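[1] could you look at this predicted model? Sequence included:
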Amino acid sequence: MNAIVLRADGALLEGGKTVETTPLRHLNAAVTLADGYSLRSFFRMAERYPVLQELNAFFPTLLERAVKAAASGCTSPGTDRLELFRTVEMIGFPGKPRMEIYTSLMGVGPEGRSEIRFIQLEDLLDVPLSLGPLRHVVLGDKVDSFEFETVYSLFEFIEGVTWELGFHGTPMQCKIGR
């Protein structure tokens, strides 16, 4: 599997060289996030390589919000970093046994992982972003789940982050009174 590094300035690096024009060729490459990578870096990548915005219907709207946000200081108290992680869950009851595989983007702070859906995107842009483990949940036992190292492709990374952010945040009108 090819490897690619995502830099904090939004550039993609393959073999130490910046990818200039063909980011779609690297969608299957294993992703490593460079030091200082944040959610703002993710949107810088989308600005630098506009074709990546076509991978998810939420991307253009999310990018527009990120561009309009303050240039720095966009953090949320209690959220030290954001973590994208993958879950493989075996479900046996109720209904027909099945397996679900999905990614989640959560905040990580002093009290562990927490939902970020009620935090505005604009308050998460400068929070460091990391790649987390694969969680294996058997028959709904989320307490005794197993965690393993895993690899994310560029496509999985982009799709996982944009999909989750597409459902996060409360309307700005709800934040005005705070």
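    Nice, thanks for sending it over.
[2] quick one, longest helix in the protein?
    Counting residues, the longest helix found in the chain (DSSP state H) is helix 154-165.
[3] Asn56 versus the residue most central in space within the chain, what's the distance?
    The residue lying closest to the centre of the chain (C-alpha atoms, centre = their mean) is Val161, at 3.1 Å. As judged by C-beta to C-beta, to the nearest Å, Val161 and Asn56 stand 9 Å apart. All C-beta atoms are positioned from the backbone trio N, CA, C, and that covers glycine.
[4] low-confidence ranges in this protein?
    Low-confidence segments of the chain, defined by pLDDT under 70: 140-143, 168-178.
[5] where along it do the strands fall?
    For the chain, the strands identified by DSSP state E occupy 3-6, 12-14, 17-18, 30-33, 81-91, 98-109, 112-114, 129-138, 146-148, in order along the chain.
[6] could you list the paired strands of the last one along with their orientation?
    Using DSSP bridges, the strands paired with strand 146-148 in its sheet are strand 129-138 (antiparallel).
[7] please apply the same query to the longest one.
    Partner strands and pairing direction for strand 98-109 (DSSP bridges) are strand 81-91 (antiparallel), strand 112-114 (antiparallel).
[8] among the ones you listed, show me which one is buried the most.
    Stretch with highest mean neighbour count among the strands paired with strand 98-109: strand 81-91 (a mean of 18; mean count of other C-beta atoms under 10 Å).
[9] who touches that strand?
    Strand 81-91 has contacts (C-beta atoms under 8 Å, 6 or more residues apart in numbering) with 39, 97-108, 113, 116, 124, 127-140, 150, 152, 156-157, 160-161, 164.
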